[in-house]
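[1] Let's see this in three dimensions:
(chains A, B, C and D)
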2 protein chains.
Amino acid sequence: MTSSTAGAASSGRRPTQAERSARSRSALLEAAARGLSRYGYANLVLEQVAREAGYTRGALYHQFKDKEELALAVIEWVDETWRREVGGLADQQPDPVAALLALARGHAVFCRRDVARVVMALRLEFSGQDHPVGGEVERISETGVKRCTRLINAGRRDGSIPPGPPARAVALACMGALEGAVIALAGQAPHDELLAARAVAGVLGLDSPPAA
Amino acid sequence: MTSSTAGAASSGRRPTQAERSARSRSALLEAAARGLSRYGYANLVLEQVAREAGYTRGALYHQFKDKEELALAVIEWVDETWRREVGGLADQQPDPVAALLALARGHAVFCRRDVARVVMALRLEFSGQDHPVGGEVERISETGVKRCTRLINAGRRDGSIPPGPPARAVALACMGALEGAVIALAGQAPHDELLAARAVAGVLGLDSPPAA
DNA sequence: TACCATACATACGTGCATGTACGTATCTGC
DNA sequence: GCAGATACGTACATGCACGTATGTATGGTA
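    From the prediction side, this is the model:
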């Protein structure tokens, strides 16, 4: 009965305290993500987060140093998930245009979860300040823009993307339009995918992409 | 010398108290708009608003009942300006597609001022709540979407816009992509106009619009 | 000039959310 | 089983920003 030392994730009758801790952390993280997406950072009330996860603020302050660290953990978690689910999708495309469109569609699907608006909400809330949370959001957004910029430059070299404004400006508009459209649609499947792809295609200066 | 009863807006030596009041109100309103755009509602500190306008909180609470009424006044002011500068531009276009593209370009130009993000910031902050401020923002956003929907339907009837997802979904994506792109570009003239127009054209399913 | 209303500044009270200190229960190594 | 650590709950203290009450000066009016 005490063989719950390792590997007994959901089968072991007695959960080890490491598992308990991880479960608590996950639950709190998910609740915080939902809360941040809905209310933003300033309006996020930690007691509500803890209650929604089935705990009290005591548990929260045991897992995270303070509100800021909680938010940073949420951001990192969302970013990791995004890179896995969306970034990977774009990486295995043959040409730049296909990668950009896959990125758009993947992001739309990714944002069907309520976690969608975390990044944009926090970016808006902290833009201009030099708050650590804002800085982190800015950082991961910047990597996205950079990736987009590289794809645009590649597409322009091989002729699949027409010339136009500086690649960085186009990339900024791309990501912005994508996020804006997806948030406005609020996960209205299945149109979100098509419309997201159309938005980025339009910004890139391409003609209407295939509806499939 | 006491002929400052009426019409002596900026010429009268002694400003009447109605003028003084109006000036104060304008200054406070403008500062509040900048603040809301930068920090959102919750993070907006009224003392900072008043100080930035050259007053104290006393003046602010003399002009506005409370924080909420101040925010509502800002929203109304921004909305009126938008309808005048952007809505009018779209109204005098001959066909629906031209109107939608004019709307995109006009919005981009409109958002070169820092007031740009007020609406989107507040909409994100209050989405899901039933706060009066959020309701008002929702209301004016809805009228924009409705206008866009009508234009899309008209364009589809006359064949200038291809069929696709429900007009309302397309309209939502249109406005979202437009706002997102413009915010991301942060007033980078002159590319913002072109890229905004491209974004909406893409969402509508049109081919690349003229670069002019 | 005397009086009142208005515009604005200052001072105070209050609520709410964060962070911390402390208490309690459950798990692990000996 | 027992001592230590770990997970979590409870209670308290602090700060910050809002809203209000009060004071003061300036403009309008008789």
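[2] Now A:Ala196: closest residue in space that isn't a chain neighbour?
    Once flanking residues are discounted, A:Ala196 sits nearest to A:Ala108: 4.0 Å by Cβ to Cβ, 6 or more residues apart in numbering or on different chains. C-beta: built from backbone N, CA, C; applies to glycine.
[3] ugh, typo on my part, it should be A:Leu100
    Per Cβ to Cβ, 6+ apart, closest to A:Leu100 is A:Leu151, 5.4 Å.
[4] Neighbours of that neighbour, how many?
    A count of nearby residues for A:Leu151, using other Cβ atoms under 10 Å in any protein chain shown, gives 24.
[5] C-terminal to the helix or strand hosting it, what's the next element?
    With secondary structure defined by DSSP states H and E, A:Leu151 is part of helix A:132-157. Tracing the chain C-terminally past helix A:132-157 and defining elements by DSSP H and E, one meets helix A:167-185 next.
[6] hmm, that following helix in reach of chain B?
    Yes - on the criterion Cβ under 8 Å from any Cβ of the partner chain, helix A:167-185 is in touch with chain B at A:169-170, A:172-185.
[7] Near DNA strand D, which residues of chain A are found?
    A:17-18, A:20-21, A:23-24, A:50, A:55-59, A:61-63 (Cβ under 7 Å from any atom of the strand).
[8] Would you mark the buried spots in the helix holding A:Leu151?
    A:133-134, A:136-137, A:140-141, A:144-145, A:147-149, A:151-152, A:154-156 (16 or more other Cβ atoms under 10 Å in any protein chain shown).
[9] Now flag whichever of the residues you listed is closest to DNA strand C.
    Closest approach between these and DNA strand C, by Cβ to the nearest atom of the strand: A:Val133, at 11.3 Å.
[10] And the residues of chain A next to DNA strand D, which of them are buried?
    By 16+ other Cβ under 10 Å, those give A:24, A:50, A:55, A:59, A:63 as buried.
[11] which residues in chain A form helices?
    For chain A, the helices defined by DSSP state H cover A:17-39, A:46-53, A:57-63, A:67-82, A:88-91, A:96-110, A:118-126, A:132-157, A:167-185, A:191-204.
[12] of all the residues in chain A, which ones are close to DNA strand C?
    Going by Cβ under 7 Å from any atom of the strand, the residues of chain A near DNA strand C are A:4, A:14-18, A:20, A:44-47, A:57-58, A:61, A:65-68.
[13] Can you pull out the low-pLDDT segments for chain A?
    A:1-14, A:209-212 (pLDDT under 70).
[14] Residue of it closest to DNA strand D, please.
    For chain A, Cβ to the nearest atom of the strand, closest residue to DNA strand D: A:Gly58, 2.1 Å.
[15] how about the nearest residue to that residue, chain neighbours excluded?
    According to Cβ to Cβ, 6+ apart, the nearest residue to A:Gly58 is A:Ala50 (8.0 Å).
[16] ok now do A:Thr56, which residues does it touch?
    A:47, A:50 (Cβ atoms under 8 Å, 6 or more residues apart in numbering or on different chains).
[17] Could you rerun that using 10 Å?
    Neighbouring residues of A:Thr56 by Cβ atoms under 10 Å, 6 or more residues apart in numbering or on different chains: A:46-47, A:50.
[18] Kindly report the same for A:Arg112.
    A:182, A:185-189, A:192-193.
[19] could you redo the last one with a cut-off of 7 Å?
    A:187, A:189 (Cβ atoms under 7 Å, 6 or more residues apart in numbering or on different chains).
[20] What backbone torsions are found at it?
    Here is the backbone geometry of A:Arg112 (degrees, to the nearest 10): phi -70, psi -20.
[21] what about it, distance to DNA strand C?
    27 Å (Cβ to the nearest atom of the strand, to the nearest Å).
[22] Can you get me a residue count around the single nearest residue of chain A relative to chain B?
    In chain A, the residue that lies nearest chain B is A:Gly202 (1.4 Å; Cβ to the nearest Cβ). Counted with other Cβ under 10 Å, residues neighbouring A:Gly202 total 31.
[23] surely it meets B:Leu204?
    No - assessed by Cβ atoms under 7 Å, A:Gly202 is found out of contact with B:Leu204, at 8.1 Å.
[24] gap between stretch A:191-199 and the chain center?
    17 Å (Cα atoms, centre = their mean, to the nearest Å).
[25] and what of stretch A:39-55?
    Worked out by Cα atoms, centre = their mean, stretch A:39-55 lies 19 Å from the chain centre.
[26] Pull up the distance across it, start to finish.
    20 Å (Cα to Cα, to the nearest Å).
[27] what's the answer for stretch A:109-117, then?
    Span of stretch A:109-117 from end to end, Cα to Cα: 13 Å.
[28] Okay, buried residues for that stretch please.
    A:109-112, A:115-117.
[29] Kindly report the same for stretch A:27-42.
    A:27-41.
[30] Contacting chain B as well, which ones from the residues you listed?
    A:38, A:40 (Cβ under 7 Å from any Cβ of the partner chain).
[31] that older thread, give me the distance between the residue of chain A closest to chain B and DNA strand C.
    40 Å.
[32] wait, what's in contact with that residue?
    B:198-199, B:201-203.
[33] can you redo these as CSV with distance to B:Leu89?
    Shown next, in CSV, are the contacts of A:Gly202 (distance: Cβ to Cβ, whole Å):
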residue, distance to B:Leu89
B:Arg198, 18
B:Ala199, 17
B:Ala201, 17
B:Gly202, 21
B:Val203, 19
